[in-house]
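A.B. asks: Here's a sequence, model it:
(2 chains)
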Amino acid sequence: MNLHYGDPQIAIGVTFAVLAVLLASAFVVVAIQAGSEDSEDRVHRVGYWLRKRWLALLLVIGMVVVGISFFDLPYATGGTSGRTVVTVTGGQFFWTLQPDQVAAGTHVRFDVSSVDVNHGFGFYDPQGHLIGSVQAMPGYHNELDLTLQRPGVYRIRCFEFCGLHHSTMDGRFTVRR
Amino acid sequence: MSVANPPAPSAVLHAHAAAFTPPARMIERRIGLLFAATGLGLIAVMGVLGLIMRLTQATVIGLSEAWFYRLLTLHGVGMITGALLAMMGALWYVLNSTVPLRPGRMMAAYHLTGVGAALVLVATLIGGFGASWTFLPPLPFYSAGQWPVWSESVFFAGNLLVGSGFCVFCVDVLEQATTRYGGLSGALGWRYLRGRDQEAPPPQVIAGTVVAIDGLIASAVGATILTGLLGRTYDHAVGFDALVAKNLVYFFGHSMANLAIYLGAGVVYVIMPRYAGRPYRTSKAFVAGWTGSLIFIVTGYSHHLYMDFVQPSWAQVVSEITSYGALLPVAVITIYSMTMLVWGSHYRWTLASTLFYVGLGGWAIGGVGAVIDSLIPFNFRLHNTVWVVAHFHTYELLSVVVWILAFLAHVIERDAARTASRAARAWIVGLILVGGYGFTGTWFVAGALGIPRRYAIQPAGTSGYSVVGASFALLLALGFLLYFVQIGSLARTAWSRRHFVLVDHTDSWTGGHYEARISRAEVEPAVAERPEQPRSGLPLTTPAEFGFAVAACVVGLAAFFPQIVDAAEVSNRYHHLDHAGHFFFGAMLGLLLGSLPRISRRLGDRPALGLVAVLVAPATMMLLMVPRIYEPLEADPFQHALFHVAMAGFGLATGLGATRLGLVTGRVMLILAVGMPLMFAAALK
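C.D. replies: Down below sits the predicted model:
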């Protein structure tokens, strides 16, 4: 299975690229202006006026973005009623999932743990889009809720460095039609 | 007839810089150069290892997985150590003229860090240790047959020494800054903020104090988990709470890596103005911003645990808010203000000043990548993909490392009184920008694709990203190579001028200026002439403080009650907690006794001994806190009691040692030392 860019990741990447280009442009403009001569008083007057607005802008962006993000937290809430619990266990260097298949449209709760060291449950859909990841820790159970609509074979890769064969630690989960 | 003016920095600095730029003294240049050159040497070697790993991922060379992870581990620790070392020297260079620091302590820090780095080298290259710089417990003890136990011990001891070296540096900065500026509130600028001081400390003092406090906290946390891991190497009964241990490891590792850039900020405040011809002055906004950073630097680590869903939800929410908050002082106070500083300044573009400016951009762009990753829904989709590698390489490589290059160039260009040619500068900066952003940009793109990090073998069909990344890395390496060639040429000029400086003379008849050679000794005050700073007092001074210490000792005595000792047998955690109680009692008693004027006089002014005590005693005490050592002793009531008394004895040594470090540093070190066994009890089970 080859990897493909997921829609959220494309949106994130484009946002970053735009911001990076804007910042780089600002640095180029400042570098050009740095070669000229301007009175320190004027730079302070205008600069500090702008700085307050810059701070206000960052605060507003922060409140909006961070605030919205709280409505999309990946943490499982509530009981298991109406959900199929899939027990996921990581170990050097394997994944076991019990059960290892469900029907399409099932609300699944992945109960993720580890028998030895820290692993990461990186979950890809059948087209190779990364859905997300959650850590697999010895002595703890991390719970991830997902509704799996798309039938096919989902892949699991290890998302926390776990030793020699970390990069080939592979698992599968089937969603039936 | 002529009149001698201050030494002329005009050859490489802005024409107006002489008014606020003191001549760099021999001791500052030596320490600055020693640390920067060593750090940069380490970074260069680690960079080559990085390139080898990238070429392995590109399947251009065939390195085994075992070797890949050894190099990965060494690369991570080595890069952070090199960056910290170089930045410590750079901050020393700009701080020492304002806050006289102790060269002896700096050299102790250098040797501790150097020996630590050597041990990590042995553990990875000879021992084969490859659990990554994050060494998340219990991975180091699940080697899959790849490394022996001794390599684990050597690796942890190496990290412990690196942390101790940084700790020594931080103790000196904190002690001297708080003594010079009237305590912690003075050195952090809070007294100025509240209007009690007319004059604020210079920006590098505030930055240095913040770094010192956060560096000490990070070192204490690191020492706790590292001694626990070291204990596990000789007692397999020691277990770890994976979540608490992960919190401690990331607190240590993330903070250490992060502090290198904040050290750099302190350097930038002093050196960039020399090219802009405008001094950078502390404002109230600056003080407030750095007070925010004081908190955000140590809370920032927690976004590493977003995908540990069992971490309390409130902690995740606070972590996201503070991760975004960390952006504000950086974006508003440091980056924006520095662009204001250079705007319209007729900025003097030299190799050093250009690299300083480029480094600001690296922090800004890498910071945006980091802030995106610090939003939980985005982190869910990017966590431990190579996006993370991309953002931290952007600001560690294109900001911290570039600033180190800039600092070294600044010192050498000043000594050589000339800069690199315009063409050489353009090539160096061009290659670093194209190579660097191409190198990290490839990771950003690959991260969005969902390629996981730390993969020796890349997912099928994705090795092309590694080929592109490695190609840009080669361009970057070429830029560095050109830089070193230029620095070598400048260094030869500087060496030929080592005995004299050019001084700007004004002819009193004609008013014309000319440069004349005078002996360096004439313009540089000898180090020995600088008076020793007065001691900053004892940690306890008022009757209320003594009363508090007595009360704390009485509370600490409870740890010895037979009922408490028996109850502590329920689990290793409670047992360790009881030992922490014994240590607490001893530490408070030591603080109390050492602060009594009569005993203090008998102990004498021994800051070095005090420092050794606060570093060694808590670590030794925790190393003894493993079942293999204390369980046989507990069979005999007398030996059992003696062991508990010994725990208190280590506390006593720590408390007495803290009293030799002055009021602020003594208190800070004592609080951290008492916190260490408590964290130890939480992390080990």
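
A.B. asks: Could I get the phi/psi values of B:Gly182?
C.D. replies: phi 70, psi 50 (degrees, to the nearest 10).

A.B. asks: what about it, how many neighbours?
C.D. replies: 14 (other C-beta atoms under 10 Å in any protein chain shown). Placement of C-beta: from N, CA and C, glycine included.

A.B. asks: Quick check: chain neighbours aside, which residue is closest to it?
C.D. replies: Spatial nearest neighbour of B:Gly182, chain neighbours left out: B:Arg191 (7.0 Å); criterion: C-beta to C-beta, 6 or more residues apart in numbering or on different chains.

A.B. asks: ok, that neighbour to chain A distance?
C.D. replies: 23 Å (C-beta to the nearest C-beta, to the nearest Å).

A.B. asks: any idea which element residue 86 lies in?
C.D. replies: No chain specified, so I'll use chain A. A:Val86 belongs to strand A:84-91 when assigned by DSSP states H and E.

A.B. asks: Sorry, I should have been clearer: chain B.
C.D. replies: Under the assignment here (DSSP H and E), B:Ala86 is part of helix B:65-95.

A.B. asks: Tell me which strands the strand holding A:Val86 pairs with, and in which orientation.
C.D. replies: strand A:94-98 (antiparallel), strand A:106-114 (parallel) (DSSP bridges).

A.B. asks: For those strands, please prepare JSON lines with the additional fields mean neighbour count and mean pLDDT.
C.D. replies: What follows is these, written out as JSON lines (neighbours: other C-beta atoms under 10 Å in any protein chain shown; pLDDT from 0 to 100):
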{"stretch": "strand A:94-98", "mean neighbour count": "16", "mean pLDDT": "97"}
{"stretch": "strand A:106-114", "mean neighbour count": "20", "mean pLDDT": "97"}
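
A.B. asks: I'd like those written out as JSON lines, with distance to B:His16 added.
C.D. replies: JSON lines is the format used below for the strands paired with strand A:84-91 (distance: least, C-beta to C-beta, whole Å):
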{"stretch": "strand A:94-98", "distance to B:His16": "65"}
{"stretch": "strand A:106-114", "distance to B:His16": "61"}
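
A.B. asks: hang on, the earlier thing: could you give me the buried positions within the helix or strand just after the helix holding B:Ala86?
C.D. replies: The C-terminal neighbour of helix B:65-95 among helices and strands, as given by DSSP H and E, is helix B:103-121. If you call a residue buried by 16 or more other C-beta atoms under 10 Å in any protein chain shown, then helix B:103-121 has these buried ones: B:103, B:105-106, B:108-110, B:112-117, B:119-121.

A.B. asks: So for helix B:103-121, mean pLDDT?
C.D. replies: Averaged across helix B:103-121, the pLDDT comes to 97.

A.B. asks: Return the set of buried residues in the helix or strand following that helix.
C.D. replies: Counting by DSSP H and E, the element after helix B:103-121 in chain order, helix or strand, is helix B:149-180. Counting neighbours by 16+ other C-beta under 10 Å, one finds that the buried residues in helix B:149-180 are B:151-180.

A.B. asks: State the number of residues packed around B:Ile372.
C.D. replies: B:Ile372 has 20 neighbouring residues, counting by other C-beta under 10 Å.

A.B. asks: Also B:Ile261?
C.D. replies: With other C-beta under 10 Å as criterion, B:Ile261 counts 25.

A.B. asks: repeat for B:Ala416
C.D. replies: 22.

A.B. asks: repeat for the one 5 residues further on
C.D. replies: The criterion is other C-beta under 10 Å. On that basis, B:Ser421 has 12 neighbouring residues.

A.B. asks: Same question for A:Gln127.
C.D. replies: Around A:Gln127 there are 12 residues (other C-beta under 10 Å).

A.B. asks: In a strand, it, correct?
C.D. replies: No - counting by DSSP: H, G, I helix; E, B strand; the rest coil, A:Gln127 is not found in a strand; it is coil.

A.B. asks: List the residues that contact residue 70.
C.D. replies: Let's take chain A. By C-beta atoms under 8 Å, 6 or more residues apart in numbering or on different chains, the residues touching A:Phe70 are B:317, B:320, B:376.

A.B. asks: other chain: chain B
C.D. replies: B:Arg70 touches B:124-125, B:128-130, counting by C-beta under 8 Å, 6+ apart.

A.B. asks: Just want the phi and psi numbers for the closest residue to B:Thr209 other than its chain neighbours.
C.D. replies: Spatial nearest neighbour of B:Thr209, excluding adjacent residues (C-beta to C-beta, 6+ apart): B:Ala187 at 4.3 Å. With angles defined as degrees, to the nearest 10, B:Ala187 sits at phi -70, psi -30.

A.B. asks: In chain B, which residue sits nearest chain A?
C.D. replies: B:Gly344 (2.3 Å; C-beta to the nearest C-beta).

A.B. asks: Assess the claim that that residue and A:Ala34 are in contact.
C.D. replies: Yes - B:Gly344 is within contact range of A:Ala34, at 7.3 Å (criterion: C-beta atoms under 8 Å).

A.B. asks: Could you check how far B:Gln311 is from A:Asn142?
C.D. replies: B:Gln311 sits 9 Å away from A:Asn142, going by C-beta to C-beta, to the nearest Å.

A.B. asks: Tell me how many other residues crowd whatever residue of chain A ends up closest to chain B.
C.D. replies: For chain A, the residue closest to chain B is A:Asp38, as judged by C-beta to the nearest C-beta, at 2.3 Å. By the criterion of other C-beta under 10 Å, A:Asp38 has 14 neighbours.

A.B. asks: Same check on B:Asp308?
C.D. replies: 22.

A.B. asks: The top helix by length along chain A packs against which elements?
C.D. replies: With secondary structure taken from DSSP state H, chain A has its longest helix at helix A:40-69. Secondary-structure packing of helix A:40-69 (3 or more C-beta pairs under 8 Å, 6 or more residues apart in numbering or on different chains; DSSP states H and E): helix B:313-325, helix B:327-328, helix B:336-342, helix B:376-382.

A.B. asks: Looking only at the helix or strand A:Ala17 falls within, what residues are buried by neighbour count?
C.D. replies: For A:Ala17, the element it lies in under DSSP H and E is helix A:7-34. Neighbour counts over helix A:7-34 (16+ other C-beta under 10 Å) mark A:8-9, A:12-13, A:16, A:19-20, A:23, A:27, A:30-31, A:33-34 as buried.

A.B. asks: ok, back up a step: for the nearest residue in space to the residue of chain B closest to chain A that is not next to it in sequence, what are its contacts?
C.D. replies: With C-beta to C-beta, 6+ apart as the criterion, B:Gly344 has its nearest non-adjacent residue at 2.3 Å, and that residue is A:Asp38. By C-beta under 8 Å, 6+ apart, the contact set of A:Asp38 is B:343-345.
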